[in-house]
Structures are given as structure tokens and as C-alpha cells.
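Undergrad: Give me the fold of what follows.
(chains A and B)
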Amino acid sequence: MEGALFCEECGLSLWEDSQTHVSTRKLEDGNSEFSVKSGWGTATFQDRNQVIIHIRDAAEPVTINPLGEFLMGRKDSSSGIAPDLDLTPHGALEKGVSRMHAMLRKGEEILSIIDLDSANGTYLNGQRLVAHQPRVLRDGDEIRLGRLVLHIYFK
Amino acid sequence: MELVQDYYATLGVPPTASEEDLRTAYRLAARRFHPDVNRSPGAAIIFRDINAAYELLSNRQRRSEYDQVAHAATAPPSLRVETYYSRQFLKPMSEPQLVYALVKITPELEVSLTSDAPMNLCLVLDRSTSMKGPRLQHLKSAVHRIIDECRPQDHLSVVAFSDKAEVLVPAQHPTDPRMIKALVSTMRPDGATAMLQGLREGLRQIERNRDTRYVNHVILITDGRTYGDEEDCLRLARDAHERGVGISGMGIGEDWNDQFLDNLASITGGSSTYIISPNMVSRFLHERIRSLSTAYAERARLITAPATNVDLNSVMRISPNPMALAATPQPIPLGTIDGLSPTSLMLQFHVVTQDAPLGEFYIGRADVSAEVLGSTQRAERIVEDLSITISEDDVDEDPPAELLDALSKLVLYRLQDRAREAIASGNIAEGTRKLEYLATRLFENGQEDLAQAALHEKENVLSTHTLSDEGAKRLKYGTRALLPLLGDGKND
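TA: Numbering: from 1, shown residues only, chains lettered A, B, ... in the order given. Now for the predicted structure:
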């Protein structure tokens, strides 16, 4: 590759005799999987869109079709609370997720998040939300429920 | 500690900038980092910062308030960031071109002498059956030495683990070294390696005295693999990092999982060490703790936010404690900044220059922040733009000697890395060819022992089709140990 000072194939210096080694073959690079996108994406959320929730350290993302309101929290059979997304399998209890922690709400071409006055708070891109005040979500936003980190993607 | 933003640095303007300057700088920066154009790691964070900075500075009244506060708090920066490029001039090309940037972070010792920042240190020790004999004996005497070397202001705790963890020495000031040593001496080899237990208990001990004025660090020493709980350990490390706690790993012998331990350490900006023979435990442990005890700043991190058409392909800490760091996610944890030697990082960028106009070309940033310890304790943030020039002309450039030296070593590390990859994927011919090249380059560099090891390993791969555990570690950590820049190295 243009600009290489040492041959990636054999480790030889290309710098002193750059006449003989003009360009090196590009090697298949195993670590070019730059899939982590931490951007501010679109805020437009159409009816046909789905939400993909990546829970940190979870093997599989969760895909949902939020119709109206979607509750995230921790299932508690004694009080009969059954959230739409139960985070118990993801260490909700030790990470301080409340039983009724936060809600996603679908509006006119937008998706918002509302903290339900949770004990440890809901954070949107690192900023703590005021309870019961909706905030518009963007594709790629990071949400933190207590210490549990989620990423929201629109599809 | 709240990170005090330098809004002017964020926008890349001097504090004397006019409103027009601010507007121009804001537009330029917003164009570079707007998420619609820049999806690179770190860009979103920077875009947010830029908006906050412009929002404040463009308001005349808020700016003057900020100036007063900032001025009162402003001392000369206590860290210096310098960048050296492998080349400053690139031609317009559709193919990606390589640019290396050596980023050097140096404490300004004139500003504040090396701190005597207290350590909040926990040693987490493997006492599984395999540690029996010289390994445990040497480990005990290494820990005894550390107990003697701890300063009155330090907190020390010691946790031993096998199937479960036990606290040998609860977190305390080392006021009674004899008693603490006696407690360490009670350690007996027995059971399997359940690292999660040990790590969790170690972090619990750290938590008792955790303080942003301290260097909060766990050193994990093991000789084996932990089964089934590696992911949980990594999760624990991420939590620890968020709380400002560092983790370093040391592996004795051949049987531990080097990729796991490297990963565990790099999550927090810590370091990993390969200890070939038990009688070297003391030396390495002493050296690691010495470098923590002369910490100048803690919880250092780097954001690069490469521009569109630029990829950050790899990041290597060259010195001290050389270590491959993950380029994502960002910020990249750098851990402790040693007060006695500069921290050097090698960044490798792939740059596509095709559609860019001639002239200055922005690659990304070196946005370094850290918490300076000691009497001048404060958050420091230095922002440097990384840029080169696009030109049609042929420009003869001599790469800086320091960068060239580091690269000549880095290429050796990469060769072993690629050999290992090839062999792991079954490409034996490719792998052994790489090992042979590696041996040749090592001989040229005067590293005879390591060169012999590479040749020996090549023979081994030809007959067994796999790298030996010992050979893989020797080549990896052996080539990595060559990295520290001349003059920075502390090899004793």
C-alpha cells in the first residue's frame, strides 16, 4: 500500500530502497470490522420502521415493533408487573434497572423515550433524563437504564 | 472529578477569537463531525462537544462569564501532546494510502512535580493446584517485596483464588508489614482457576477506598485458564473501567489465555505481562507497581474521530508497557500516564484522498484527556488536529527517526500476529513463511534468541500444524517488548 514504510508481507524496510518496492500487496486485514457506529442518526421514525435494541453483552439484539407504548423494565411477579421488554436476563437487578424503568413511545414519525421516575435514572447519550419528559430518539442513540447500556437502531 | 471543558480547544480557536472566527471554526468542525457525514468512532462525542462549545461561546454574555471562570482556573497545560507523521504530503489517489501518526503524551514536570499519588492496589493471586512449587514460592516472595515497598499513604489488599476467592489481606495501609506478610504466607495451592471469583473480590477490596485522587488498580496474576467465565470477567473489567479502576494481568508459564488477559487489561487501559519463568515474577511485579506509583495522571483516554474517507486501522501503545489497543469503541482507554516517561501511541490510518481538494487534509484528532493527580489535581484535555497536505507534486520526505524506529519494531510484532492468524486459519504455508521472515528480520535486528525461537517454532508448525503455547507467547510478547522507544525503555 502506498505510504507503507515496511513490507507487511516480509517486514523489509521499504523506505531506504523505495525504488525497488513501489507498492505492496494489500493483505486481507482481519481487524477491519469497524461496525461500531456511534453516530447521531436520523430522528425520523416511520410506521414501517422497526426498532433494534442492542443490549450490551447480550448475544442477540432484540427487534420490536412499537405500537403506541413499549415498557422496559424488570419483571416482578409479586407486583404483577410484566414489562414488554424484561431485562432480568441481562442482569437488570444488579445493574439497578427499575421494574417500570422507561418507556418507548411512537409518535408522528418519531420515537421518544420517557423515564418513568426510575430509581437509578435513564440516560440518553450520557445525559440523565428528567422523569416523565419525553425525549426524541435518533438512530444509533445510546440509552442507559441504571447501569445497563442499550443501543437503539431504526430499521 | 468533573472534566472542565476547554471550549476554545474544542473548537480549535484561541481564546482571543472573534465572533466571526468562532462561526467559521464552528462551521468547519460541524462539517467534519456531523453524524450525517462522519460515522467514525468518536465523531458523535466530538460533535456533541463542538455544539456545546459553540452554543456557549456564541452567546456574548455566557462567553464572558466563562472567560472569567476559565481564566481563574487556567494554568498552563500539564500535559503536552506532540504528533509525528510518517508523511506529510499525499497525492490524490483512489486507493487507500497508509499514514502513521506517532502521538506522544508528555507530562510537563515543570508545572507540577511527579505526584506522590497514593495507590489503592489489590493483588489478585491464583493459588490453584498448578501454582504448586516454585511458582507459588516465587509469587509469595514477590508479594513480600511489594509489601515492603508500599508507602504509608498506599492502600494494599491481597486476594487469593482457586475455586473460590478469599481475602488474605483486607484493604489497609501497610503499617504492619510483618503481619501482612504472614497472611500472604498462609496461601496454599489447591483447586482450579475460577478467575471471576478472584477478580470480583479484588474489585470489592478496591471499592472500599476508591478515590479519584488515587491510582486504583488491580493486578491479577495467574498461570491458568479460567473456564466459562471469561465473558463475565470482561464485563467486570468494563464496569471497573467506568468507575476509574485499572486492571493489569500477568501470566506465568504457558497455559494461560494470552488473548483473554490482553483483552481484560486493555479494556481498562492496563497492561499485560508474560512471565516465562517463576523467578521473574518479582521483577515484573515490582516494575509494574513502580510505574503505577509514579503515576502523573490517571484515567487517560483518546478520541481520534477519523474524518470521512479515513479509517483508523490500529492503535498500539509503544511505550511504556507496549500493548495493542482496540481502535473501537472510543474513547480508547489509555489508563495511567507515567510521570517518568512519555506515553507514545502509534496510530495507523488508511486515507483515501481522491475527491479531496488539494491543500490541507484533515485526518482526525488527537483528543487526549486525563486526570492529573497530586496537589494540582485537575482534569486536563488537549485537542490536536491531525492533518496532512494533499499535493500533486513529488515531495521527498524523511520520516522522523523516532517514528521509523518504532515502526521497524512494530512490523515484527505484526509479522508474528499474521503468522499466528494464518496458522490458526489452517494456512500453514503462509504461517511458516511469515515465521521465517520474522526470524530473518530478528537476526538483522540483533535479536538472536528471539530469532531462534521463531525458527524453532517454524519447525514445530511444520510437524504439528499448530503453534506451541510457549512459542506463541514468546514471539508475541518478545516482539512486543522490543517496542519501547530508544531512551524511554526501562528494561531493568
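
Undergrad: residues making contact with stretch B:198-213?
TA: B:1, B:117-118, B:120, B:122-126, B:155, B:157, B:159-161, B:165-167, B:170-171, B:216-218, B:220, B:233, B:236-237, B:239-240, B:243-245, B:247, B:298-299, B:371, B:373, B:377 (C-beta atoms under 8 Å, 6 or more residues apart in numbering or on different chains). Every residue, glycine included, has its C-beta placed from N, CA and C.

Undergrad: Please list the members of those residues that lie in helices.
TA: Among those, the residues falling in helices (DSSP state H) are B:233, B:236, B:237, B:239, B:240.

Undergrad: out of those, who's near chain A?
TA: For chain A, the contacts drawn from those by C-beta under 8 Å from any C-beta of the partner chain are residue B:239.

Undergrad: would you turn the ones in helices among the contacts of stretch B:198-213 into JSON lines with neighbour count and pLDDT?
TA: Formatted as JSON lines, those follow (neighbours: other C-beta atoms under 10 Å in any protein chain shown; pLDDT from 0 to 100):
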{"residue": "B:233", "neighbour count": "23", "pLDDT": "96"}
{"residue": "B:236", "neighbour count": "22", "pLDDT": "97"}
{"residue": "B:237", "neighbour count": "25", "pLDDT": "97"}
{"residue": "B:239", "neighbour count": "16", "pLDDT": "96"}
{"residue": "B:240", "neighbour count": "25", "pLDDT": "96"}
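
Undergrad: Now restrict the contacts of stretch B:198-213 to buried residues only.
TA: B:117-118, B:120, B:122-126, B:155, B:157, B:159-161, B:165, B:167, B:171, B:216-218, B:220, B:233, B:236-237, B:239-240, B:244-245, B:247, B:298-299, B:371, B:373, B:377 (16 or more other C-beta atoms under 10 Å in any protein chain shown).

Undergrad: one step back: what's the closest of the ones in helices among the contacts of stretch B:198-213 to residue A:54?
TA: The nearest member of these to residue A:54, counting by C-beta to C-beta, is residue B:239 at 17.9 Å.

Undergrad: Let me see the ranges of the strands in the stretch 201-350 of chain B.
TA: Using DSSP state E, counting those that start in this stretch, the strands of the stretch 201-350 of chain B run over B:215-222, B:246-252, B:272-275, B:295-303, B:310-319, B:323-325, B:332-338, B:343-351.

Undergrad: can you check the stretch 51-200 of chain B too?
TA: Using DSSP E, counting those that start in this stretch, the strands of the stretch 51-200 of chain B run over residues B:79-85, B:89-90, B:97-107, B:119-126, B:155-161, B:165-172.

Undergrad: any chance of the ones you listed in a markdown table, plus mean pLDDT?
TA: A markdown table is the format used below for the strands of the stretch 51-200 of chain B (pLDDT from 0 to 100):
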| stretch | mean pLDDT |
| --- | --- |
| strand B:79-85 | 91 |
| strand B:89-90 | 92 |
| strand B:97-107 | 93 |
| strand B:119-126 | 97 |
| strand B:155-161 | 97 |
| strand B:165-172 | 96 |
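
Undergrad: Just put these in TSV and tack on distance to residue B:460.
TA: Shown next, in TSV, are the strands of the stretch 51-200 of chain B (distance: least, C-beta to C-beta, whole Å):
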stretch	distance to residue B:460
strand B:79-85	39
strand B:89-90	42
strand B:97-107	33
strand B:119-126	27
strand B:155-161	33
strand B:165-172	37
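
Undergrad: Chain A is nearest to which of those strands?
TA: strand B:97-107 (3.5 Å; C-beta to the nearest C-beta).

Undergrad: Strand partners (parallel or antiparallel) of the lowest-mean-pLDDT helix or strand in chain A?
TA: Of all the helices and strands that make up chain A, strand A:127-128 has the lowest average by mean pLDDT, DSSP states H and E, namely a mean of 82. Within its sheet, strand A:127-128 is paired with strand A:122-124 (antiparallel), according to DSSP bridges.

Undergrad: and the stretch 51-200 of chain B, which residues reach chain A?
TA: Residues of the stretch 51-200 of chain B lying near chain A (C-beta under 8 Å from any C-beta): B:86, B:87, B:90, B:91, B:93, B:95, B:96, B:97, B:98, B:99, B:100.

Undergrad: since we're on the first one, how many residues are nearby?
TA: When neighbours are defined as other C-beta atoms under 10 Å in any protein chain shown, residue B:86 has 23 of them.

Undergrad: Show me where the chain has its helices.
TA: Assuming you mean chain A. Counting by DSSP H, chain A contains no helices.

Undergrad: wrong one, chain B
TA: Under DSSP H, chain B gives helices at B:7-11, B:19-33, B:43-57, B:60-73, B:134-149, B:177-185, B:195-209, B:230-242, B:258-267, B:281-293, B:401-424, B:428-444, B:448-464, B:469-480.

Undergrad: same for the second one, what does it pack against?
TA: By that I understand helix B:19-33. helix B:7-11, helix B:43-57 (3 or more C-beta pairs under 8 Å, 6 or more residues apart in numbering or on different chains; DSSP states H and E).

Undergrad: Contact partners for the closest residue to chain A within the stretch 101-250 of chain B?
TA: When scored by C-beta to the nearest C-beta, the stretch 101-250 of chain B has residue B:235 as its residue closest to chain A, at 5.6 Å. Neighbouring residues of residue B:235 by C-beta under 8 Å, 6+ apart: residue A:57.

Undergrad: wait, doesn't residue A:85 sit right on residue A:74?
TA: No. Judged on C-beta atoms under 8 Å, residue A:85 makes no contact with residue A:74 at a distance of 9.9 Å.

Undergrad: Report the residue spans of chain B with pLDDT below the cut-off.
TA: B:1-5, B:70-76, B:109-115, B:375-377, B:485-492 (pLDDT under 70).

Undergrad: hmm, try it at 80
TA: Applying pLDDT under 80 to chain B picks out residues B:1-6, B:9, B:12, B:14-16, B:36-37, B:40-41, B:67-77, B:109-116, B:374-378, B:485-492.

Undergrad: per-domain residue ranges of it.
TA: B:3-110+B:296-390, B:119-293, B:401-481 (automatic domain parsing).

Undergrad: Let me have those domains in TSV, extended by distance to residue A:61.
TA: Putting the domains of chain B into TSV (distance: least, C-beta to C-beta, whole Å) gives the following:
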stretch	distance to residue A:61
domain B:3-110+B:296-390	16
domain B:119-293	17
domain B:401-481	28
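
Undergrad: Out of those, flag the one nearest residue A:137.
TA: Nearest of these (C-beta to C-beta): domain B:3-110+B:296-390, 13.8 Å.

Undergrad: dump the residue contacts of residue B:359.
TA: Here residue B:359 is in contact with B:389, B:390 (C-beta under 8 Å, 6+ apart).

Undergrad: Could you give the bridge partners of it?
TA: So, taking DSSP bridges as the rule, residue B:359 has residue B:390 as bridge partners.

Undergrad: I'd like the helices and strands packed on helix B:19-33 written out as CSV, with distance to residue B:382 added.
TA: Shown next, in CSV, are these (distance: least, C-beta to C-beta, whole Å):
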stretch, distance to residue B:382
helix B:7-11, 7
helix B:43-57, 14
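
Undergrad: How many neighbouring residues does the nearest residue to residue B:10 once chain neighbours are set aside have?
TA: Leaving aside its sequence neighbours, residue B:10 sits nearest to residue B:53 (C-beta to C-beta, 6 or more residues apart in numbering or on different chains; 4.3 Å). Using other C-beta under 10 Å, residue B:53 is surrounded by 24 other residues.

Undergrad: so residue B:53 sits right up against residue B:11, yeah?
TA: Yes. Counting by C-beta under 8 Å, residue B:11 is a contact partner of residue B:53 at 5.2 Å.
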